[in-house]
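Undergrad: Got a predicted structure plus its sequence, pasted below:
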Amino acid sequence: MSQTAVPTVSRASRPGHRQLVVSRASRPQRRQLVVAAALFVVALHVLDDSFIQPQPGTSAGDHLVSGLVPVFVLLAAAVAYPRLRPGLRALLAALLGLFGLAVGIEAVYYAQAGRLSGDDYTGLLATFAGVLLLVVAATTLWRTRRVDDDVRWRYGRRLLLVAASVVGVYLIIGPFLVSYVLTHTARAFVPVDRVGAPHEDVSFRTADGLRLRGWYVPSRNGAAVIAFPGRKGSQKPARVLARHGYGVLLFDRRGEGQSDGDPNAWGWEGYRDVDAAVAFLRRRADVEDARIGGIGLSVGGEMMLEAAARSRGLKAVVSEGAGERSVREFLDMTIGGADKWLGLPGYAALSTGISLFSNHAPPPSLKDLVGRIAPTPVFFIYGEHGQDGERNLNPTYFAEAHRPKSIWEVSGSGHVGGINAHPREYERRVVGFFDRALLDGKSE
């Protein structure tokens, strides 16, 4: 009796199973497409920010390093991503996702300030792309996790990886990403006017072609003081000086408020703004060339010290709250032991990032510069409870400077809080310093 052979259909040949296999095989491909698209969006914003719509007063040529290097890294990552093992793919996606969030912070800030424009729109897209990359990193780790090994080793390994990731982000990755924010985001508006004295809107140009804008209180005694940086925290000392007849110039530093240029929260190249302010005051009929001084707060104090060391336009300098502005000053700090070595990687990463994203090498250490300020009188001020850098470094700066010089540790004061902690003594000391240096021809 013959039997009719019944054709068999393997599981792999069944239509439903074939569709399942294809679907599963396409998941990595879809993730690769998502990663490639996200990296393209982040690269597009970097190109837009650096070359297509750069900051007013700047050109594409000013951003060759900060624009081309990140784009090259992003493109190389897109090419390498499919060839990496799952763990490395997840790590790469996570790192570049954090970078996407960092480059988008600028757009988020300006959107909240109501100043969204230009490259900020691609910046918002970069933020979304960063989130996508982080999601891909998380899903890749979840789908490729090992579940066939010893439970103790499995969770111990994961705990070690998490701990290493946290330490790496805190010590190196975080500071490096923060550097992008510091070189791309600054106050987007002009602060409320509380100068308390009649003043005029002014503008002037720096030697590298940027237009800076600010306020000027005309002088009544032939002397003028630059209150720096910006038009917010500098208003309190400006009011004090204006009451004593001094002309006072407050202005938005480069990349801030209404001024041209790329911002740099750590003040690299900011001495050029001070030089331009001195040149502006020299052209004023109410100011004598030999009676121009400057008072700088925090990073403004650091820029004042550098400007005074580089030229002789300033005839008296008050620096309050100056501290470290790169890894160079950090190495000059007298702290020792674990604190210094644990902080060194972060400062190195921060300085490297600022150098990359600002297109400028780190400035010389202020410890090396302050010795060049003399014969210009210099007055160092720092708070008893100020930042670690200012409390540690101001005595060092004072020791390295030459006479005429003076120093004041303000008891009970925090960072640049001398005028609040002891307003009368602050006025007596600061105004007295400028009176002796600019009006009487004498100094401490």
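TA: Nice, thanks for sending it over. Residues are numbered from 1 along each chain as shown.
Undergrad: what's the model's confidence in stretch 247-256, averaged?
TA: Along stretch 247-256, the predicted local confidence has a mean pLDDT of 97.
Undergrad: How far does that stretch stretch from one end to the other?
TA: With Cα to Cα, to the nearest Å as the measure, the ends of stretch 247-256 fall 23 Å from one another.
Undergrad: Okay, helices next: where are they in the stretch 301-444 of the chain?
TA: For the stretch 301-444 of the chain, the helices defined by DSSP state H, counting those that start in this stretch occupy 327-332, 338-358, 366-369, 388-400, 418-421, 423-434.
Undergrad: and Arg158, which of those helices is closest to it?
TA: The stretch from those with the least distance to Arg158 (Cβ to Cβ) is helix 338-358; that distance is 24.2 Å. Placement of C-beta: from N, CA and C, glycine included.
Undergrad: How about that closest one, which residues are buried there?
TA: By neighbour count with 16 or more other Cβ atoms under 10 Å, helix 338-358 contains the buried residues 343, 345-358.
Undergrad: neighbouring contacts of it?
TA: With contact meaning Cβ atoms under 8 Å, 6 or more residues apart in numbering, helix 338-358 is reached by 65-66, 69, 170-180, 182-184, 262, 264, 266, 268-269, 324, 326-328, 330-331, 333, 361-362.
Undergrad: So which of the residues you listed belong to helices?
TA: Judged by DSSP state H, the subset of the contacts of helix 338-358 located in helices is 65-66, 69, 174-180, 182, 327-328, 330-331.
Undergrad: Any quick ChimeraX command for the buried ones out of those?
TA: Command for ChimeraX that selects the buried part of these, burial taken from 16+ other Cβ under 10 Å:
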select :66,174,175,176,177,178,179,180,182,327,328,330
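Undergrad: Surely Phe228 is in contact with Val299?
TA: No. When contacts are counted by Cβ atoms under 8 Å, Phe228 is not listed as touching Val299 (9.0 Å).
Undergrad: Compare the two (neighbour count), which wins?
TA: A side-by-side neighbour count of Phe228 and Val299, using other Cβ atoms under 10 Å, places Phe228 first with 30 against 23.
Undergrad: Kindly provide the distance from the more buried one to Ala399.
TA: Spatial separation of Phe228 from Ala399 under the definition Cβ to Cβ, to the nearest Å is 24 Å.
Undergrad: that older thread, and the helices of the stretch 301-444 of the chain as JSON lines, adding mean pLDDT and distance to Ala90?
TA: Formatted as JSON lines, the entries for the helices of the stretch 301-444 of the chain read as follows, by pLDDT from 0 to 100; distance: least, Cβ to Cβ, whole Å:
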{"stretch": "helix 327-332", "mean pLDDT": "96", "distance to Ala90": "31"}
{"stretch": "helix 338-358", "mean pLDDT": "93", "distance to Ala90": "22"}
{"stretch": "helix 366-369", "mean pLDDT": "98", "distance to Ala90": "42"}
{"stretch": "helix 388-400", "mean pLDDT": "97", "distance to Ala90": "36"}
{"stretch": "helix 418-421", "mean pLDDT": "98", "distance to Ala90": "49"}
{"stretch": "helix 423-434", "mean pLDDT": "98", "distance to Ala90": "54"}
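Undergrad: per-residue pLDDT, the nearest residue to Leu133 once chain neighbours are set aside?
TA: Of all residues not flanking Leu133 in the chain, Gly97 sits nearest, at 3.2 Å (Cβ to Cβ, 6 or more residues apart in numbering). The predicted structure scores Gly97 at 97 on the pLDDT scale.
Undergrad: residues contacting the residue nearest the centre of the chain?
TA: In the chain, the centroid-proximal residue (Cα atoms, centre = their mean) is Leu182; its distance is 1.7 Å. With contacts defined as Cβ under 8 Å, 6+ apart, the neighbours of Leu182 are Pro263, Asn264, Ala265, Trp266, Ile354.
Undergrad: Now with 7 Å, please.
TA: If you count contacts by Cβ atoms under 7 Å, 6 or more residues apart in numbering, Leu182 has them with Asn264, Ala265, Trp266, Ile354.
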